[in-house]
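**Student:** Predicted coordinates and the sequence they were generated for:
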Amino acid sequence: MNLSKYSIRGTIMRDGMTLVVDLRSGSIHTKKDEGEREYIGGGLGAYMLNKRIKGDVDAMGPENVLVITSGPFAGMPIPAASGIGIFSKSPLTGYFGEDYLFGTFGNQMSRAGYASIIIRGVSERPVYLYIDDGVCTIKRADELLGLSPWKTEEKIREAMNDRSLGVISIGQAGENKVRYATIYGDFQYSGCGLGAVMGSKRLKAIAIKGSNDLRPKDPTTILEMYKMLSKKMEESFVDDLDWAYDARDKLPANNFKGVSSDSDVKKLIGGLKERELKKVSFQHCPVACKTLCQSDGIISPITIGGISIGLLNGIYDPDTVIKAEHLCYTLGLDPRSVAVVAAFANELEERGDDIGFDMGFGKKEELLKFIEVISKGKSIFSEGIKAAAKKFGAEDSAMHSKGAELSIDTFTDENIAFGTAISHSGSYQGGKDYDTSNLLKMMMVYPKAYEAYSKEDLYRLYAAVGGETDRGRLGEMKDKINDIKREFNIRQGWKTDDDTLPQRIMKNFSGEEAFLQKRLDYYRSMGWDEEGSKGERE
């Protein structure tokens, strides 16, 4: 790889500015906060959100803020590390909300010289942000309303006559403030209902372009590690279809009530593989990490979310699953949440509740109709699994953590299940070593690349781009970030019982007593008390 283009002009991310946009007043300014310079990537996002939201605010009210940070490796030729973090109070859980997207937006944001973007207030009319290096403009988005995220991207790039723009956007579900609406970019979607936060602010999209070049402090090490890490990723990477096929003897069925049969999983996954069109990736990712499948002229990425829609709802027809995940992308819904919410509705229907829908496990057309209706934001099922369970008095059938619908890998992997239970956001993407996973998240490395990266790799890379060389201080920063997220949740009403999982998940593993002991051990390792808190903090 030729690193000569990473010239001296420009800025390294850690010295970047903060762009502050107030949608209510229309004011736009940049700032540099010395306190914020102590944090990077995911840590910076956590610090900024915690600093700006002190009370128990309405997640979809004007007091909530949306924080976007670029990772320390964004804009650099480092494998699968061109990330942005998106942070806000989650309308789905009421707690700390975060997720990460990788590719064009992060690279452009870093080249534009911004370490972070803070969006506050509510616009009077639909708008989108256009950021061109140091100039940010608020533009009317009336003509973009109702469009899918990918159509929104296309329209903005056409309007700006620039195919290289980084764009993140929401669909109809975000506009309608569905609590598990997503923010979409580069064939990826966020969780935590962050799309609903954008929708509540009448912010349809953000487009960004940066022209500054970045120069790593040690390009020789960057090149050496790019080659090494790319090889490790190629050897260790497993896409969602292959993961599901390999885990076929323990995947959940029908709202996590049992295990899918081997033949049903083979039918679904085998059928999806037969309909594979191509594999795609994002900038600076050396492996093709997303699979596009085609059915009846519809092309859609297929992820663990789409697979979940099939398995949890008794639908093993690959064509329906492709259509369902495509519908989620088009409408701006998180397919992982859709899978669990629909399965819950099917279980209610099965037990005889009047839910207002013609549902049932295995009903294909009814499922697709259900997805369309909930995207309009007028159903109790648009409020998320926790709210729906409370209305129907069916909490035991609601598969969530802190209100965030569970991923199916919590059913197959005890480490992911535990990580989900103790997470601040109700979801977890990482490995058995929670400490390393937290460091990788702080550095904004793509979760599916975790197997390729070690702590030593991260320390070397961070020093090579010009960052901190004191490993102890980086470790302290990582632990402090965990404290910050816990502090945030405590102020929003978190309690110890929130760090748990439904019985259908718990019974798969070591049992409740073992889980509680493991949780206590984790709290102690973090320096927290037995309730998982340090008490009231300033």
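**Tutor:** Arrived safely.
**Student:** Can you give me the buried ones in the longest helix along the chain?
**Tutor:** As assigned by DSSP state H, the longest helix anywhere in the chain is helix 471-491. Within helix 471-491, the residues scored as buried using 16 or more other C-beta atoms under 10 Å are 474, 477-478, 481-491. In short, each C-beta sits where N, CA and C put it, glycine included.
**Student:** so who does Thr220 touch?
**Tutor:** Contacts for Thr220 (C-beta atoms under 8 Å, 6 or more residues apart in numbering) come out as none.
**Student:** by contact count, what packs against the worst-scoring helix or strand of the chain on mean pLDDT?
**Tutor:** One helix or strand of the chain scores below all others by mean pLDDT, DSSP states H and E: helix 434-442, with a mean of 87. With contacts defined as 3 or more C-beta pairs under 8 Å, 6 or more residues apart in numbering; DSSP states H and E, the packing partners of helix 434-442 are helix 41-52, helix 414-422, helix 455-464, helix 471-491.
**Student:** Make CSV from these and add mean pLDDT and distance to Ala394 to it.
**Tutor:** Shown next, in CSV, are the helices and strands packed on helix 434-442 (pLDDT from 0 to 100; distance: least, C-beta to C-beta, whole Å):
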stretch, mean pLDDT, distance to Ala394
helix 41-52, 93, 32
helix 414-422, 94, 21
helix 455-464, 92, 43
helix 471-491, 90, 25
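**Student:** TSV please, covering those and showing distance to Ala389.
**Tutor:** Formatted as TSV, the helices and strands packed on helix 434-442 follow (distance: least, C-beta to C-beta, whole Å):
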stretch	distance to Ala389
helix 41-52	27
helix 414-422	17
helix 455-464	39
helix 471-491	21
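**Student:** about what we covered before: which outside residues touch the least confident helix or strand of the chain?
**Tutor:** Under C-beta under 8 Å, 6+ apart, the answer for helix 434-442 is 40-43, 100, 419, 422, 428-431, 447, 450, 453-455, 458, 474-475, 477-478, 481-482, 522.
**Student:** Could you turn the buried ones of those residues into a PyMOL selection?
**Tutor:** Buried subset of these, written as a PyMOL selection, criterion 16+ other C-beta under 10 Å:
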select buried, resi 40+41+42+43+100+419+422+428+429+430+431+447+450+453+454+458+474+477+478+481+482+522
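**Student:** could I get the longest helix of the chain in CSV with only the CA atoms?
**Tutor:** Below are the C-alpha coordinates for helix 471-491, written out as CSV (Å, rounded to 0.1, in the frame of the first residue of the first chain):
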residue,chain,number,x,y,z
ARG,A,471,-0.4,1.8,28.0
GLY,A,472,-1.4,2.1,31.6
ARG,A,473,-3.1,5.4,30.9
LEU,A,474,-5.0,3.9,28.0
GLY,A,475,-6.2,1.1,30.3
GLU,A,476,-7.2,3.7,32.9
MET,A,477,-9.2,5.6,30.2
LYS,A,478,-11.0,2.4,29.2
ASP,A,479,-12.0,1.7,32.8
LYS,A,480,-13.1,5.3,33.4
ILE,A,481,-15.3,5.1,30.3
ASN,A,482,-17.1,2.1,31.9
ASP,A,483,-17.6,4.2,35.1
ILE,A,484,-18.9,7.1,33.0
LYS,A,485,-21.5,4.9,31.3
ARG,A,486,-22.6,3.4,34.6
GLU,A,487,-22.9,6.9,36.1
PHE,A,488,-25.1,8.0,33.2
ASN,A,489,-27.4,5.0,33.6
ILE,A,490,-27.7,5.5,37.4
ARG,A,491,-29.0,9.0,36.8
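**Student:** by contact count, what packs against that helix?
**Tutor:** Against helix 471-491 (3+ C-beta pairs under 8 Å, 6+ apart) you get helix 41-52, strand 96-102, helix 434-442, helix 455-464.
**Student:** Can you name the next helix or strand after it?
**Tutor:** Next in sequence after helix 471-491, counting helices and strands by DSSP states H and E, comes helix 503-506.
**Student:** what does that following helix rub up against?
**Tutor:** Here helix 503-506 has contacts from Phe256, Lys257, Asp396, Met399, Leu406, Thr410, Phe411, Ala417, Thr500, Glu512, Phe515, using C-beta under 8 Å, 6+ apart.
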